[in-house]
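1. sequence plus predicted model, see below.
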Amino acid sequence: MTLESTWFFLWGLLWAVYFMTDGFDLGIGTLMPFLGKTEADKRVMVNSIGPLWDGNEVWLLTAGGVTFAAFPQVYAVMFSSLYSALMLILFALILRGVAFEFRGKVDSDGWRKVWDICIFAGSAVPALLFGVAFANIFRGIPIDQNGIYQGSLFTLLNPYGLLGGLLFLIAFVLHGSLWLTTKARGELQQRAVSAANRLWPALLAAAVIFLAASIFVTSLYANYLNNPILFAVILLTVCALLGIKFFLAKQAYFKAWCASALTIVGTTFYGIIGLYPKMLPSNIDVAYSLTAHSSASSPQTLKIMLMVVVLFLPVVLAYQVWAYFLFKGEVTEKDMVY
């Protein structure tokens, strides 16, 4: 495997890990108005992700940094083509972070309600727009021979893009409800279980429609047809999706959450494998597409970056595993402080 191909799949892995980790944060924030019936419920929901959400976003920064350093041309075209969507995501994530910090600063129901709305918006908007952005990448975006985007934000809001956004939103909300089943107890836990059971058929339906639509709208299946063994990725993802329902029925909630995490990772790699070697396909002319080989940095840069990753990625992983281990278990009354 060439350095360019190695970095292409590392790039995909970083996005998959980000969606897996921050996905449940975004899901719980989206669920706040629906499951948080009392102030105690909302505080449990916030505290269930409070020690972890900002650490999870490290993977977003890393994915963006790798795009900039390993594939600078892709970074330039992506952040100009998808500028409006990415700015909305950025502002929404900032708003969510501010809301987590500010909702407990004043002992007022009105004050907290305002910031609860901000948490909801700052969670639902990124979940939706990440799906819209990646579905459009799978479909191809209108970039010309100079890498100039020939469209607008509304160009991205096509039926396939919106379907991708809906798929991501449902997947993240389900992921969040499953995380909450492991952190809450009593009525809140039961509401989270009920939400997960209702969301699972919706995710199954959205996934089936998305897979079918991809046959007609994208060229993702070309790599799979050329290498049928790759269909194992789709099969494993389907098994993980079915595993969510199986473990929910067994009341094995943490295992259900793990199955959800694998579903998100598998879904991401379904698209990444189908894209290879293209990173930003052009739907104007395939010759205008940016690939891992045509847009990569110099081999020397990629080698140095690979050494840095080998040295420091285990440290980041070890820290994050330690953080999850430290804050495992249900949220107790002593945790419910601002």
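-> Right, received. Where do you want to start? Numbers count the residues shown, from 1 in each chain.
2. what pLDDT does residue 80 get?
-> At residue 80, the pLDDT value in this model is 87.
3. please renumber the chain so that the first residue is 53 from this point on.
-> Renumbered: residue one is now 53, and that last one reads residue 132.
4. give the buried residues for the host helix or strand of it.
-> Applying DSSP states H and E as the criterion places residue 132 in helix 124-133. Residues 125-127, 129-130, 133 are the ones in helix 124-133 that count as buried (16 or more other C-beta atoms under 10 Å). Backbone N, C-alpha and C define where each C-beta goes, glycine included.
5. same question for stretch 249-259.
-> Neighbour-count burial for stretch 249-259, counted by 16+ other C-beta under 10 Å, picks out 251-252, 254-256, 258-259.
6. show only the entries of those residues found in helices.
-> 251-252, 254-256, 258-259 (DSSP state H).
7. mind putting the residues you listed into TSV with distance to residue 214?
-> Below are those laid out as TSV (distance: C-beta to C-beta, whole Å):
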residue	distance to residue 214
251	18
252	21
254	15
255	16
256	18
258	11
259	15
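8. all helices for the stretch 53-202 of the chain, in order.
-> Counting by DSSP state H, counting those that start in this stretch, the stretch 53-202 of the chain has helices at residues 55-87, 91-101, 105-108, 110-122, 124-133, 135-154, 161-191.
9. so for residue 364, which of the ones you listed sits nearest?
-> Comparison of these against residue 364 by C-beta to C-beta identifies helix 110-122 as nearest, at 10.1 Å.
10. which residues sit against the closest one?
-> 59, 62-63, 66-67, 69-70, 73-74, 126-127, 130, 348-349, 353-354, 357, 368, 372 (C-beta atoms under 8 Å, 6 or more residues apart in numbering).
11. just the buried residues from the residues you listed, in PyMOL please.
-> Applying 16+ other C-beta under 10 Å to the contacts of helix 110-122, the buried members can be selected in PyMOL as follows:
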select buried, resi 59+62+63+66+67+69+70+73+74+126+127+130+348+349+354+357+372
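12. now the buried residues of helix 124-133 in a markdown table, with distance to residue 202?
-> Shown next, in a markdown table, are the buried residues of helix 124-133 (distance: C-beta to C-beta, whole Å):
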| residue | distance to residue 202 |
| --- | --- |
| 125 | 17 |
| 126 | 17 |
| 127 | 19 |
| 129 | 12 |
| 130 | 15 |
| 133 | 9 |
